[in-house]
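Asker: Next one to model:
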Amino acid sequence: MRSPGEELLALCTQAHTDIVLVSPFIKVAAFERVLSAIPYGIKSIRCVTRWHPEEIASGASDVEIFDVIKARAGARLFIHPLLHAKYFRADDKCLIGSANLTQSALGWAMPANLELMYEVLADAQMLRDFEKRLFAVSFEASQQLMNEMAAAADLIRVTGSYPKQLREENLGYDDTSTLPEDVWLPLCTRPERLFQIYARQDIDWIIGWTVEAGQRDLRSLRIPAGLGDMVFYRFVAASIQQTPLVQRIQEAAVNVITPEVGRNLILSTVDEQYCVYSPEEHWNTILAWLLHFLPHVYRQPSGSNNLQKGSEIGELRK
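Answerer: The predicted structure follows:
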């Protein structure tokens, strides 16, 4: 019986045109070994993973895989915040199972994990639907995102503690006010109060709806318990950049995003059933979040409700 790693290497060596590697946890050593098995003539190598600061801080995943990806022609890295599937496809052949792209999971480090990896036909409708949805709700990693995640993980390491994730029943994942995993649309119009709500500091002095909306936003982002204010700020800043809506805003912000463009971005990204406010109010709320948590990325031109990248404003002032 071959190890999961041997099965995966055999799959990769047989590829001719297209490789897809999907794994929540990816370590550099295992990833480099898998990439080395892929023929250099392959035009498309797409990898999907998830990055959570506490998982990076604990050593479960390496953000440095982004550098490995950049060094390989035709390779791209995508992020899905709630990824759990392990799925590996080379052209029309596919492996699915339990193994992540780590040494222990693939049987390349002792003691090796007990894992399952088996081959299926990639043209099965269920797998085609899965892959289509995966890339529809994932977004491409960037140097900026890698830096934010690494900084948040470093801050967790410096504190000397690894925040424990709240249990799902306490986070209210079944609450109908919590958006589905591929949607992020904040309701708290006072993002500067979010840590106060998170830490439950003097919340009696905050308007009730602001507290309720903030708690709902925390559930939506799945913020781990026990973070200090600085780590919390970094975690939220990194996490919101993993959302499809902010990714679309980031792409559009090379030009000035007017309120009208912002409203259209919201309506074309988020199903109307999840809109609690008017599109105008939602845009103002998102604007407040981005300016508060990502002030080094975005700027608001004076006297307007427009948004653009900070560097763009700098260029206009030259």
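
Asker: what stretches of this structure score poorly on pLDDT?
Answerer: Low-confidence regions of the chain, defined by pLDDT under 70, span residues 137, 160-182, 224-227, 231, 311-318.

Asker: can you give me the strands in it?
Answerer: Using DSSP state E, the strands of the chain run over residues 18-22, 44-49, 75-79, 87-90, 93-97, 117-121, 139-140, 298-299, 308-309.

Asker: The closest residue in space to Ala213 that isn't next to it in sequence - how many residues pack around it?
Answerer: Leaving aside its chain neighbours, Ala213 sits nearest to Leu187 (3.8 Å; criterion: Cβ to Cβ, 6 or more residues apart in numbering). All C-beta spots, glycine's among them, are computed from the backbone N, C-alpha and C. By other Cβ atoms under 10 Å, 20 other residues sit near Leu187.

Asker: go on, Leu8?
Answerer: The local packing of Leu8 (other Cβ under 10 Å) involves 25 other residues.

Asker: Wait, it touches Trp108, no?
Answerer: No. If you go by Cβ atoms under 8 Å, Leu8 and Trp108 don't touch, sitting 10.4 Å apart.

Asker: residues in contact with the closest residue to Thr49 other than its chain neighbours?
Answerer: Distances taken as Cβ to Cβ, 6+ apart place Ile26 nearest to Thr49, at 5.0 Å, with adjacent residues excluded. For Ile26, the contact set (Cβ atoms under 8 Å, 6 or more residues apart in numbering) comprises 47, 49, 61-62, 65, 100-102.

Asker: redo that, cut-off 6 Å
Answerer: Taking Cβ atoms under 6 Å, 6 or more residues apart in numbering, we find Ile26 in contact with 49, 61, 65, 101.

Asker: which one among the residues you listed gets closest to Met230?
Answerer: The shortest approach to Met230 among these belongs to Ser61, at 21.9 Å (Cβ to Cβ).

Asker: want to throw the strands of the chain into JSON lines with distance to Leu245?
Answerer: JSON lines is the format used below for the strands of the chain (distance: least, Cβ to Cβ, whole Å):
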{"stretch": "strand 18-22", "distance to Leu245": "22"}
{"stretch": "strand 44-49", "distance to Leu245": "19"}
{"stretch": "strand 75-79", "distance to Leu245": "14"}
{"stretch": "strand 87-90", "distance to Leu245": "25"}
{"stretch": "strand 93-97", "distance to Leu245": "30"}
{"stretch": "strand 117-121", "distance to Leu245": "33"}
{"stretch": "strand 139-140", "distance to Leu245": "10"}
{"stretch": "strand 298-299", "distance to Leu245": "14"}
{"stretch": "strand 308-309", "distance to Leu245": "16"}
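
Asker: Save the ones you listed as CSV, and put in distance to Leu267 and mean neighbour count too.
Answerer: As requested, the strands of the chain are arranged in CSV below (distance: least, Cβ to Cβ, whole Å; neighbours: other Cβ atoms under 10 Å):
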stretch, distance to Leu267, mean neighbour count
strand 18-22, 30, 23
strand 44-49, 27, 21
strand 75-79, 24, 20
strand 87-90, 31, 22
strand 93-97, 36, 19
strand 117-121, 38, 14
strand 139-140, 19, 17
strand 298-299, 20, 21
strand 308-309, 20, 20
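
Asker: so which of those gets nearest Glu272?
Answerer: Ranking the strands of the chain by distance to Glu272, with Cβ to Cβ as the measure, places strand 139-140 first at 21.7 Å.

Asker: From the chain's centre, how far out is the closest one? Work that out for me.
Answerer: Taking Cα atoms, centre = their mean, to the nearest Å, one finds strand 139-140 lying 8 Å from the centre of the chain it belongs to.

Asker: ok, and what's touching it?
Answerer: The contact list for strand 139-140 (Cβ under 6 Å, 6+ apart) reads 78-79, 244, 247.

Asker: Can you list the strands that that strand pairs with?
Answerer: With DSSP bridges as the test, strand 139-140 is paired with strand 75-79 (antiparallel).

Asker: For Ala136, give me its contacts.
Answerer: Counting by Cβ under 6 Å, 6+ apart, Ala136 makes contact with nothing.

Asker: check contacts around Lys27.
Answerer: 62, 102.

Asker: got the phi/psi numbers for it?
Answerer: The phi/psi pair for Lys27 (degrees, to the nearest 10) reads phi -110, psi 150.

Asker: And it, how close does it get to Val63?
Answerer: 11 Å (Cβ to Cβ, to the nearest Å).
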